[in-house]
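Trainee: please work out how this folds:
(chains A and B)
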Amino acid sequence: QKEVEQNSGPLSVPEGAIASLNCTYSDRGSQSFFWYRQYSGKSPELIMFIYSNGDKEDGRFTAQLNKASQYVSLLIRDSQPSDSATYLCAAYTGKLIFGQGTTLQVKP
Amino acid sequence: GAVVSQHPSWVICKSGTSVKIECRSLDFQATTMFWYRQFPKQSLMLMATSNEGSKATYEQGVEKDKFLINHASLTLSTLTVTSAHPEDSSFYICSATTGTSSYNEQFFGPGTRLTVL
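Mentor: Presented below is the predicted three-dimensional model:
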């Protein structure tokens, strides 16, 4: 069973802090990795994707990929209350396999 | 960016009736569309993958006779839940790929919340 694992949380951080979200995957054949944000009752929205080892930055977001450790992370700098949502990690293996999501709470 | 719409956004129906959900790519031609289901507090589970003009590929455990998928054009896919029952109540979300990216990012529709009474 190809799996993507995330800690369901909730992860609580104060406003302005860095939020660190983690994800592991089991299929070494995974080609690319995606982070989606999902607000309650809404569909996921793409934050960013990464396919090469290392870091990829986009504004306040940084995705990190370590294929040797089968590990993907998302850092959110200067966290805002509006960032409070569930963050879904997904691995593409011919289809998207989603993790169960991590709930992030940013407290003012 | 690539925009995907779904209609209706929510639907309530009686047990035993059929419900059709439409998924449209508004500003691009979608070579492939996907249908997901999400139960409360759970993640997205892929139900099926559809390509324009061909039969959908269903995931293991998804009844193809119950969840009928038609991908009639490069901008429209429909999911029909036949003889819906309360256990089919869920959040149904479609997504689409543009076919122009090597990285296979999917753009999601806003979802359809189905409640079967």
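Trainee: interface residues of chain B facing chain A?
Mentor: Applying CB under 8 Å from any CB of the partner chain, one finds that chain B approaches chain A through B:34, B:42-46, B:49, B:91, B:93, B:103-111, B:113. Any C-beta I mention is one placed from the backbone N, CA and C, and that applies to glycine too.
Trainee: now, which of those lie within strands?
Mentor: Judged by DSSP state E, the residues of chain B next to chain A include B:34, B:45-46, B:49, B:91, B:93, B:107-108, B:113 as members of strands.
Trainee: turn those into JSON lines, including neighbour count and distance to residue A:13.
Mentor: Putting these into JSON lines (neighbours: other CB atoms under 10 Å in any protein chain shown; distance: CB to CB, whole Å) gives the following:
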{"residue": "B:34", "neighbour count": "25", "distance to residue A:13": "32"}
{"residue": "B:45", "neighbour count": "16", "distance to residue A:13": "29"}
{"residue": "B:46", "neighbour count": "18", "distance to residue A:13": "31"}
{"residue": "B:49", "neighbour count": "20", "distance to residue A:13": "36"}
{"residue": "B:91", "neighbour count": "19", "distance to residue A:13": "27"}
{"residue": "B:93", "neighbour count": "26", "distance to residue A:13": "28"}
{"residue": "B:107", "neighbour count": "20", "distance to residue A:13": "28"}
{"residue": "B:108", "neighbour count": "23", "distance to residue A:13": "26"}
{"residue": "B:113", "neighbour count": "16", "distance to residue A:13": "30"}
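Trainee: same list (the residues you listed) but as CSV, adding pLDDT.
Mentor: Formatted as CSV, those follow (pLDDT from 0 to 100):
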residue, pLDDT
B:34, 95
B:45, 93
B:46, 94
B:49, 92
B:91, 97
B:93, 97
B:107, 89
B:108, 93
B:113, 97
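Trainee: tell me which two in these are the farthest apart.
Mentor: The largest separation in these, counting by CB to CB, is between B:49 and B:113 at 22.2 Å.
Trainee: for the ones in strands among the residues of chain B next to chain A, give me TSV that also has distance to residue B:5.
Mentor: Shown next, in TSV, are these (distance: CB to CB, whole Å):
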residue	distance to residue B:5
B:34	15
B:45	22
B:46	20
B:49	19
B:91	16
B:93	12
B:107	11
B:108	11
B:113	15
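Trainee: how close does residue B:15 sit to chain A?
Mentor: Residue B:15 sits at a distance of 24 Å from chain A (criterion: CB to the nearest CB, to the nearest Å).
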